[in-house]
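> my questions concern the predicted model and sequence given below.
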Amino acid sequence: MNIIRLYQNFWIRNSIIIVVCLLVIFGCVYDTDPEIDETNGQFLWTFVKISRGFFPLYIAMIFSNMVLVRKLLFQKKYTLFIAFFLLYWTLYYIGIQYYYDFVHMRSETLLAVQLGKVSLLLTVIAISNGTALYFLHLWILRNISESRKAQMNIETELSFLKQQLNPHFLLNAMNNLYGESLSEPESVPDRILNLSDLLRYQIEATKKNLVPLQDEMDFVKRYLAYCSFSNERLEVHQEYIGETDGIEIPPLFFLPLVENAVKFSRETLQPQIRFEFEVSGKNLSFSIENNFLEVGSRLNGTGIGLGNLERRLEVYGLKHELVYGKENGLFTIKLQLWELHTVA
């Protein structure tokens, strides 16, 4: 896992690549150039000249991959990509000639022959290899991400199955239904249907990688409606802003946050929960706030819910900002998500 994290770090990965490439080039030149003499300083000077020839191509390759390939080719702007790709590397080929002249790399040594004369064929080969390595890199990252998602989905499904069969939750539900059947028997069928919908959605959602955002919001509404029924003192203030059409999100994404809010506010005399969904394009802002006992609470916050959420944000590769904290008897969580998945 540590190796994978090192590989995913842009700066560490590229630093390793640079060092390896320079050492390989130096080894090839060192074995073939008889003019290199460690005793008169040419050893270091050779390495400097190799670096002068290597870095312009490497930097140009980074720009080509990160801008032209990613911003044009991957966005299916094929005509623009071909035009800018050819123009970019043509200008590079012309400009590099002047660059080598500027740094005085044209001499009679074998090293100068290798680095001072820019062959069109060698340039095309370098460009092809650099672009191919970038696609290989993306393929490796994608496989790493898919493997981690598969593992996370299994762990998440097992976790949710345990929650679905939580005896404490079901026992409270049955007790509440029993009590209401004695006092308001006409409302019991609706309560049973509400509970059934909650359990059914949990079971079905865990089988999917992504679910519609609107379904998740509806599930939160039903869950809080059920909690309000089981605790009449609970006050829920909710607000929904924006259009959710076509937006998808990992299943049961907000449930741990809502569950914690209900659990900790329940200890207060006047439990209150306030939350808001605000959708703007493919971006989502979610905030939830609940009161809690600052002193005398029988509950211990383990941080598992927030830890699981942070882990899922990482595994799904969602661009996000998660902020939370306590102040004046209120616990607040703010989650911003950008560039969410949409239905193709």
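Sure, I can see it.

> where along the chain do the helices fall?
Secondary structure of the chain by DSSP state H: the helices cover 2-8, 10-32, 42-63, 78-102, 110-116, 120-164, 167-183, 188-205, 213-230, 255-265, 304-315.

> the first one - what's its average pLDDT?
Looking back up the chat, that one is helix 2-8. Taken as a whole, helix 2-8 has an average pLDDT of 71.

> how far does it sit from its chain's centre?
15 Å (C-alpha atoms, centre = their mean, to the nearest Å).

> which secondary structure elements does that helix sit against?
Secondary-structure packing of helix 2-8 (3 or more C-beta pairs under 8 Å, 6 or more residues apart in numbering; DSSP states H and E): helix 10-32, helix 120-164. All C-beta spots, glycine's among them, are computed from the backbone N, C-alpha and C.

> with the third one instead?
Contacts defined by 3+ C-beta pairs under 8 Å, 6+ apart place helix 42-63 against helix 10-32, helix 78-102, helix 110-116, helix 120-164.

> one more time with 7 Å
On a contact count with 3 or more C-beta pairs under 7 Å, 6 or more residues apart in numbering; DSSP states H and E, helix 42-63 meets helix 10-32, helix 78-102, helix 110-116.

> which stretch in those is the model least sure about?
helix 110-116 (a mean of 43).

> quick one: contacts for Phe292?
Phe264, Ser265, Glu267, Thr268, Gly329, Phe331 (C-beta atoms under 7 Å, 6 or more residues apart in numbering).

> can you do 8 Å?
By C-beta atoms under 8 Å, 6 or more residues apart in numbering, the residues touching Phe292 are Phe264, Ser265, Glu267, Thr268, Lys326, Gly329, Leu330, Phe331.

> most neighbours out of these, which is it?
For these, neighbours were counted using other C-beta atoms under 10 Å, and Ser265 has the most, 25 neighbours in all.

> wait, it sits on Arg233?
No - using C-beta atoms under 8 Å, Ser265 makes no contact with Arg233, being 9.5 Å away.

> pipe the helices and strands packed on helix 2-8 into CSV and attach distance to Tyr93 per row.
Listed next are the helices and strands packed on helix 2-8 as CSV, based on distance: least, C-beta to C-beta, whole Å:
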stretch, distance to Tyr93
helix 10-32, 20
helix 120-164, 6
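
> Arg52 is nearest to which of these?
Nearest of those to Arg52, taken as C-beta to C-beta: helix 10-32 at 11.2 Å.
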